[in-house]
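Chemist: I'd like to go over a predicted model; first the sequence, then the structure.
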Amino acid sequence: MVTLTGGSLTLEQMKDVLYRKQKVMASSESLEAVKKSREAVERIVSTSKVVYGITTGFGKFSDVLIDKNHVQDLQLNLIRSHACGVGEPFPEIVSKAMVLLRANALLKGFSGVRPVVIEKLLELVNQDIIPVIPQQGSLGASGDLAPLSHLALVLIGEGEVFYKGKQLEAFDALQQEGILPLTLEAKEGLALINGTQAMTAMGVIGYLEAEQLAHESELIAAMTMEGLNGIIDAFAEEVHVARGYKQQIDTAERIRSYLNDSLLTTQQGELRVQDAYSLRCIPQVHGASWQALDYVKEKLEIEMNAATDNPLIFDNGEKVISGGNFHGQPIAFAMDFMKI
């Protein structure tokens, strides 16, 4: 069982849930923070205080005050209007990652949703009810509004899901699992769709596959050394310590461990004076790739545990601040780096 706190989710835990089918739950401490944040939202609504996205419209309508009797309609219309993605759906594993990441972000307690919203998200993860989310429709500059709206549709019993090998109406899948659709209250629609979870989910799956490929490439490199009677001296620790890159040093160490006691490698001068670059530079090339992957991993794990909606609620509602944490540029750069 993986326990979500809103601040401690790792890529290894993502792998446990997505590939090893572990269940998830929310920590009691994080749910307490969620409750306090929700109480702040309800105070704002009850007093008709002007706060973006809670008692006002969105975007260009941020100066339009919404009567508290219409907050449910506002949130519902927000979801329906933004669920306009097109194209092939994301792979199921990416969409599942999206649901998990959205729940984790809301658990930070800065978003003002009711605990039941998070509980429903975790039910989707645990019961493998996966939203059908079209891949095209997000710019990233305002967060992944369109993809996350398709995710949010499922919570209200609309849209489609992948369930038990089939694609079907969300309401039917929820009914089979005994899950009641939600009626979204003030701030909840906005909190569900304002974020970077689509790009981050895609990044997580891409990273996990790239990491596996990087490990396998080192095994292939070691086998290549044996196949070509490569000179092991080029992997000596002092060579790589002399340059100083940790990832290069670590790669050389792993290759040495794979080739320990091999009868197929050679010493310098035994068959040839030195090897071609393709063998001699394995630690330098693979190490540089690990540097890039380590950068990507660092940024993904920050974003996986980030509050990315707007506005954010602090100090039990004393501060509600409009910002731009939904902007996707930190992950966009990391993805470009990983692609290279």
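Modeler: Great, that's in hand. Numbering: from 1, shown residues only.
Chemist: Strands of the stretch 1-150 of the chain, start to end?
Modeler: Remark: strands assigned in the stretch 1-150 of the chain by DSSP state E, counting those that start in this stretch are 2-4, 24-26, 86-89, 130-131, 134-136.
Chemist: buried stuff in the last one?
Modeler: Residues 134, 135 are the ones in strand 134-136 that count as buried (16 or more other CB atoms under 10 Å). (Glycine included, C-beta is placed from N, CA and C.)
Chemist: partner strands of that strand, parallel or antiparallel?
Modeler: strand 86-89 (antiparallel) (DSSP bridges).
Chemist: same thing with the fourth one?
Modeler: Under the criterion DSSP bridges, strand 130-131 sits next to strand 160-163 (antiparallel) in its sheet.
Chemist: Can you report the mean pLDDT over the residues of the strand it pairs with?
Modeler: Over the span of strand 160-163, the pLDDT mean works out to 98.
Chemist: hmm, who's touching stretch 182-189?
Modeler: 41-42, 44-45, 53-55, 68, 71-72, 74-76, 78-79, 111-114, 116-117, 120, 152, 155-156, 192 (CB atoms under 8 Å, 6 or more residues apart in numbering).
Chemist: Give me the buried stretch members for that stretch, please.
Modeler: Here stretch 182-189 shows 182, 184, 185, 186, 187, 188, 189 as buried, counting by 16+ other CB under 10 Å.
Chemist: Ends of that stretch, what's the gap?
Modeler: End-to-end distance for stretch 182-189: 11 Å, by CA to CA, to the nearest Å.
Chemist: mind checking how far residue 333 is from residue 105?
Modeler: Using CB to CB, to the nearest Å, residue 333 is found at 20 Å from residue 105.
Chemist: With neighbour numbers in mind, choose between the two.
Modeler: Neighbour comparison, residue 333 and residue 105: the larger count goes to residue 105, with 29 against 13 (by other CB atoms under 10 Å).
Chemist: Can you say which of the strands of the stretch 1-150 of the chain is nearest to residue 302?
Modeler: Nearest to residue 302, of all the strands of the stretch 1-150 of the chain, is strand 2-4, at 15.9 Å by CB to CB.
Chemist: Grab the nearest non-local neighbour of residue 331.
Modeler: residue 199 (5.0 Å; CB to CB, 6 or more residues apart in numbering).
Chemist: Over to residue 22?
Modeler: residue 16 (4.3 Å).
Chemist: Neighbours of that neighbour, how many?
Modeler: 16.
Chemist: Test my guess that it contacts residue 4.
Modeler: No - using CB atoms under 8 Å, residue 16 makes no contact with residue 4, being 12.0 Å away.
Chemist: So residue 186 belongs to a strand, correct?
Modeler: No - counting by DSSP: H, G, I helix; E, B strand; the rest coil, one finds residue 186 to be coil, located in no strand.
Chemist: tally of neighbours for residue 137?
Modeler: So residue 137, with other CB under 10 Å, has 19 neighbours.
Chemist: hang on, isn't it packed against residue 193?
Modeler: No - look at residue 137 against residue 193 with CB under 8 Å: they stay out of range, at 11.6 Å.
Chemist: that older thread, report the buried members of the contacts of stretch 182-189.
Modeler: 41-42, 44-45, 53-55, 71, 74-76, 78-79, 111-114, 117, 120, 152, 155-156, 192.
Chemist: Could you give the average pLDDT over stretch 182-198?
Modeler: What stretch 182-198 shows for mean pLDDT is 95.
Chemist: For residue 100, which of the strands of the stretch 1-150 of the chain is the nearest?
Modeler: strand 24-26 (6.6 Å).
Chemist: Could you point out the helix or strand that follows the longest helix along the chain?
Modeler: What stands out as the longest helix in the chain, according to DSSP state H, is helix 197-227. Counting by DSSP states H and E, the next helix or strand C-terminal to helix 197-227 is helix 237-243.
Chemist: Summarise which helices and strands that following helix is packed against.
Modeler: helix 246-258, helix 282-304 (3 or more CB pairs under 8 Å, 6 or more residues apart in numbering; DSSP states H and E).
Chemist: Comparing the strands of the stretch 1-150 of the chain, which comes out most buried?
Modeler: strand 130-131 (a mean of 26; mean count of other CB atoms under 10 Å).
Chemist: Residue 34 reaches residue 119, doesn't it?
Modeler: No - the pair residue 34 / residue 119 is not scored as a contact, 10.0 Å apart, by CB under 8 Å.
Chemist: who's more crowded, those two?
Modeler: Under the criterion of other CB under 10 Å, the comparison of residue 34 against residue 119 puts residue 34 first, with 25 against 15.
Chemist: Next up, the contacts around that one.
Modeler: 106, 107, 109, 111, 113, 114, 115, 118.
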